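>>> need a 3D model of the following:
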Amino acid sequence: MALTKTDIVELIVEKDDFSPTEAKDGLEELIEIIKYTLESGEDLMISGFGKFQVNEKKPRKGRNPATGNSMVLAKRRVVTFKCAGKLRDRING
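Just a heads-up that it's a prediction; the model follows:
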């Protein structure tokens, strides 16, 4: 089961002394900062958590699986995530 934004807001309210509105607004602002940073092509590193990196993919040949027709897939940007060592250690116990 995935953790939703609503779940995160509830956890923030339980753990800290924030109202639900303050917690929701803070989370939304953080997500917007992350989106803006990645959209501008910059990497985003959060100490102890990991690094989000924007990578450029070159155009490449592909195939439409429904029709079997060849096509060229346009260049695109993708976001990758590399886990920090501290988080990796914590996950693995």
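>>> what about Ala23, how many neighbours?
Per other CB atoms under 10 Å, the neighbour tally for Ala23 reads 19. From N, CA and C alone the C-beta is placed, and that goes for glycine too.
>>> for it, which non-adjacent residue is closest in space?
Spatial nearest neighbour of Ala23, excluding adjacent residues (CB to CB, 6 or more residues apart in numbering): Ile12 at 4.0 Å.
>>> what about that neighbour, how many residues close to it?
Counted by other CB under 10 Å, the residues lying close to Ile12 total 16.
>>> any idea of the pLDDT on it?
Looking at Ile12, its pLDDT reads 93.
>>> which parts of the strand or helix carrying it are buried?
Here Ile12 sits within helix 5-15, counting by DSSP states H and E. For helix 5-15, a neighbour-count test (16 or more other CB atoms under 10 Å) marks Val9, Ile12, Val13 as buried.
>>> follow-up on the earlier one: any idea how far the residue nearest to Ala23 is from Phe81?
With distances taken as CB to CB, to the nearest Å, Ile12 is found 22 Å from Phe81.
>>> next secondary structure after whichever strand or helix holds Glu22?
Per DSSP H and E, Glu22 falls inside helix 20-39. Per DSSP H and E, the first helix or strand lying C-terminal to helix 20-39 is strand 44-46.
>>> list the contacts of the helix or strand just after that next one.
Next along the chain after strand 44-46, taking DSSP H and E as the criterion, comes strand 50-57. Strand 50-57 is touched from outside by 34, 38, 41-45, 75-84, 87, with contacts defined as CB atoms under 8 Å, 6 or more residues apart in numbering.
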